[in-house]
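*Asks:* next come a sequence and a model predicted from it.
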Amino acid sequence: MNRNLLTIIVGAVLVVIFALLLFVFQVRQSEVAVVTTFGKPTGTYNQPGAYVKWPWPIQKVYKFDQRIQDFQDKFSENYTADSITLLTSVYVGWKISDAGQFLREFTGGSVPAAQTMLESMLRSAKSAVVGKHPLSDFVNTDPQKLQFKQIENEIESTVQDELLTNNCGIHIEFLGLKQLGLPESVTQTVFDRMKSERQVLISRAQYEGEAEAQKIRANADREANETLANARAQATRIQGEGEAEAAKTLPVFQENPELANFLLRVNALQQSLNQKSTLIFDQRTPPFDLFGGISTNTPGR
Amino acid sequence: MERNIQKNGLVNLVAAVLIFIAAFVVTYYVNSLAGQACSIFLGLGVLVTFTGWFQMRLEENERLEKLEVEEFARARGETALFEARDAEAFPAQRAREQFEKYFVPGFGVLLFLLEAGGAYLLWRWIAKTTDGIVPDRAMPSLSLFGIFALLLFLLGRFSVTIARLENFRLLRPGASFLLAGAYVCFFTALGIAGVKAGFPRVDFWLTRALCALLGLMAAEMLVTLLLEIYRPRVKGRVARPIYDSRLVGLLAQPESLVTTAAQALDYQFGFKVSETWFFQLLQKNLPVLLMAQLLVLFLSTGVVFIDAGQQAVLERFGRPVGVLQPGAHLIVPWPVDKIYRYRTDQIQTFDVGFTPEAQNAQAGIILWSVTHTREQNFLIGNRRPALVQGGNTDTNDTFKAPPVSLITVSIPVQFQITNVFDWAYQNADPTNLLQDLAARKVVQYLAGVDLNDVMSSNRQAAALELGAQIQAAANEHRLGARIIFVGLQDIHPPVAVAGNYENVVGAEQTKLAKILDAQAEAIRTNALAGAQAFTDVARAQAAQQQIELSAFAGAALFTNRIAAYEAAPSVYRQRAYFQMFPEATANARKYILLVKNTKDVIIFDLEDKIREDLLNLNVTNSP
């Protein structure tokens, strides 16, 4: 009995769940659902909750994410207005604005198919807009001259117009430039230019260093010569002062000029004989005159 | 009757081969992934059917051999004549025994390898391939697989039924494969129909399921091979063929689950496990137990545990009704209530401008000139160096190259989810959007600054500004995230030119070194000049002092001498003369001429003599 009761309860629960799955569908807060009856869209549900439907194959429910979906296009090459090749990539935030229309436009409401179409539109619009702007609108050391927002708005409005014209049930919420780049060959030339700029700086540093060193040395030589010249002038002046001071003693010698001259002569003679010299004296020269009283070389008899 | 068995086995074999080939061709035609798995399954069925049929033939030959021998013995009245004879007298029996001893286990191993290899390779293949079913060919293929399923079902069902007899055990493996093959063909057809109906992933997931089935079959075969080693051998008991898969049998006849289990247990344990009370109880209450299990499973969906650092959005019939914090919660069981977990407390990180590489993560030193991550080059503004700005400003052709530079940045961005509702319901992929927004801000910021500025003085300011801009963008898009940290951890010229930047630094150092050398030399020069000047002045001062003192001393001496001179002028002069004379002439060579001896003739050689040292002088011609 208990076993039968349990079986009945479990069976009933399973039947209820199965019935719920067959006849009820849920729509999440983030979803929008389109119900088709024998393939024809007969209702759109964009509020969260549980809804009743007929089981397949009478009715079929297509659920779509009604949040903003984000995708990025390919990093593609375009010409700018000043004929420079520029690689750009943008991201796009889009959402399904009309789920019924979206289901009709794309088989089974295929999001990849929608993104494929969106990407082709995007690439076309991007090429057109990039071609209108010079590179300086994308890259500029003056941020005020950057035209990012304007470029993004132009691309977005172009794609938005296309979507409205084609009535795809899609709306662009935002668009942004995500990546900028240069083709490989141009990148290499930019590298070369950057290297040359560095070489300029290297040369500048090198020769500035040498020039500065030379200036310092010259300045030092000048200062040294100036110092020495000043010192020598000062020395000469000091010596002159000394001689002037010494000259004050000359009146003393004037008291007996004969003696003074005699002493000066003696002094001069002494200094002149101080060097290596040869002297020849005769017997009359004092003190050799003492030899006069001595017989010398007298022949013997 | 026995001939019918063999005929039945042969029919099964022929049908299996034909349908296998046909299924393979149709799979190739429609490009169905599930069809590939189905072909593998049918191919295995061909092998098993052939082996079963071949073994049947061997047993039939053995039976005929025995009949002939018994007939021969009866004719000669020697009933037990050959019972004890050598086995070579029974070639058919020996052939059958050799077959069961060597070929069957080997075939089991082969089956295991084919099943495991098929499952593994197909699993990998479907993960890589992007091919799908050709829509235009779906309908005919669907029909053909339906026909294969029908043919296999009829043939397999018939064979399975007649194989229930003990003597037909060798028919059972192939028959089970045929019947299970019918179901596989049916599901393959369903997969094609699902794709045709707009569910492109049905074929993929069905193939995954069939791969899993092949994997299970391989596992079963491996277990069977291992158990075969330890299985008790009961004399006279007919062994179950190794290649007779219970899993395939169960797949072919799901209703025989209990019977199959009982047979398996009985076979492995060597006694009637299926007659024990536990097994009987299990068999009797199995449906109830299964249903109870389902009920428990269903009720278990009403209890959820939220881990630390997480929050979960609770939805009731799709409508968000609250946020569950970490801990245990009771909710209405599925499908009424559902929860979606988010890591709200955890700090999450993504990188802008680079992709970390595991092999470089361990590097102890990070250099500009050595690649340390997979880096991306960003365009950046470039003020030309002052030296390069010269030239003719009237022409615009001077700089035709793009006035931009390239830079590499590594910017880790850390964020935290602060509003789980905004995070969950505003954007389909909020993490990806946040990465896009951050990348855009970085690109835009770098496009408007100068390379040298951002690499040096403005680096910190750049990080702060980027953080603020990314946060503003996240708020604008209602991401419900807080930017915690934006780091300019690496910002440098690309690797290709990084060396040149380092050389500039080197050149600046060389320049500084030269200047310092010159300064050192200047200091030396000035110092020596100062010292020389001091010396000159000091010497002059000394000379001055000497002159003055000598003059005054001389004057004082002279004053004193005057008195002496005036007292005896001639004596004083003579004394002074003779005091000076020896001292002054001490070093002089002296010749004294005594003229008193007048008779002698004195000859003077007045010719100048050149000094000896002058004779040794080397004289060179001056220009």
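*Replies:* Good, I have the coordinates.
*Asks:* for the rest of this, base every contact and every neighbour count on C-alpha atoms.
*Replies:* Noted.
*Asks:* the strand or helix carrying B:Leu251 - contacts with which helices or strands?
*Replies:* Assigned by DSSP states H and E, B:Leu251 belongs to helix B:246-252. The helices and strands touching helix B:246-252, judged by 3 or more CA pairs under 8 Å, 6 or more residues apart in numbering or on different chains; DSSP states H and E, are helix B:171-196, helix B:201-230, helix B:257-269.
*Asks:* which parts of chain A are helices?
*Replies:* For chain A, the helices defined by DSSP state H cover A:2-23, A:99-105, A:111-130, A:148-166, A:184-247, A:250-254, A:257-272.
*Asks:* chain B is nearest to which of those helices?
*Replies:* helix A:184-247 (4.0 Å; CA to the nearest CA).
*Asks:* how far is that closest one from where the chain is centred?
*Replies:* 33 Å (CA atoms, centre = their mean, to the nearest Å).
*Asks:* one more: stretch B:410-430?
*Replies:* Distance, centroid of stretch B:410-430 to centroid of chain: 26 Å (CA atoms, centre = their mean).
*Asks:* give me the mean pLDDT for that stretch.
*Replies:* Stretch B:410-430 comes out with an average pLDDT of 90.
*Asks:* touching that stretch from outside, list them.
*Replies:* With CA atoms under 8 Å, 6 or more residues apart in numbering or on different chains as the test, stretch B:410-430 has contacts from A:29-30, A:65, A:67-70, B:311, B:313, B:342-354, B:375, B:433, B:478-491.
*Asks:* that one: which residues count as buried?
*Replies:* B:410-417, B:420-430 (16 or more other CA atoms under 10 Å in any protein chain shown).
*Asks:* so how far is B:Ile407 from A:Ile8?
*Replies:* Note on A:Ile8: its distance to B:Ile407, by CA to CA, to the nearest Å, is 72 Å.
*Asks:* residues contacting the closest residue to chain B within the stretch 1-150 of chain A?
*Replies:* When scored by CA to the nearest CA, the stretch 1-150 of chain A has A:Arg28 as its residue closest to chain B, at 3.7 Å. Going by CA under 8 Å, 6+ apart, A:Arg28 touches A:Gln47, A:Pro48, A:Gly49, B:Glu315, B:Phe317, B:Gly318, B:Arg319.
*Asks:* near chain A, which residues of the stretch 301-450 of chain B?
*Replies:* With CA under 8 Å from any CA of the partner chain as the criterion, the stretch 301-450 of chain B meets chain A at residues B:315-320, B:335, B:377-383, B:385, B:387-388, B:401-402, B:404-406, B:425-429, B:432-433, B:436-437, B:439-440, B:443-444, B:447-450.
*Asks:* what about the residues you listed, which are in helices?
*Replies:* Per DSSP H, the subset of those in helices is B:Tyr425, B:Asn432, B:Leu433, B:Asp436, B:Leu437, B:Ala439, B:Arg440, B:Val443, B:Gln444, B:Ala447.
*Asks:* just give me the neighbour total for the second one.
*Replies:* Neighbour count of B:Asn432, defined by other CA atoms under 10 Å in any protein chain shown: 16.
*Asks:* which phi and psi does B:Leu488 have?
*Replies:* Note on B:Leu488: its backbone torsions stand at phi -90, psi 70 [degrees, to the nearest 10].
*Asks:* leaving out the residues flanking it, which one is nearest to the residue of the stretch 1-150 of chain B found nearest chain A?
*Replies:* Here the stretch 1-150 of chain B gets closest to chain A at one residue, B:Pro135, 12.9 Å apart by CA to the nearest CA. Distance criterion CA to CA, 6 or more residues apart in numbering or on different chains; nearest residue to B:Pro135, sequence neighbours excluded, is B:Lys196 at 6.7 Å.
*Asks:* pLDDT score for the one you found?
*Replies:* pLDDT at B:Lys196 comes out at 76.
*Asks:* how many residues are close by it?
*Replies:* 19.
*Asks:* repeat for A:Trp94
*Replies:* Residues near A:Trp94, counting by other CA under 10 Å: 21.
*Asks:* and chain B, what are its domains?
*Replies:* B:2-269, B:303-342, B:348-385+B:401-493, B:518-584 (automatic domain parsing).
*Asks:* including distance to B:Gly506, could these go into CSV?
*Replies:* What follows is the domains of chain B, written out as CSV (distance: least, CA to CA, whole Å):
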stretch, distance to B:Gly506
domain B:2-269, 51
domain B:303-342, 50
domain B:348-385+B:401-493, 14
domain B:518-584, 18
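*Asks:* tell me which of those domains sits nearest to A:Leu279.
*Replies:* Distance to A:Leu279, taken as CA to CA, is lowest for domain B:518-584 among the domains of chain B, at 11.4 Å.
*Asks:* which strand runs longest in chain B?
*Replies:* Assignment by DSSP state E gives strand B:404-417 as the longest strand of chain B.
*Asks:* what ranges of the stretch 151-300 of chain A fall below the confidence cut-off?
*Replies:* Regions of the stretch 151-300 of chain A meeting the criterion pLDDT under 70 cover residues A:274-275, A:293-300.
*Asks:* does B:Val443 touch A:Phe148 like I think?
*Replies:* No. In terms of CA atoms under 8 Å, B:Val443 does not count as a neighbour of A:Phe148; the distance is 10.1 Å.
*Asks:* could you check which of the two is surrounded by more residues?
*Replies:* B:Val443 (23 against 18).
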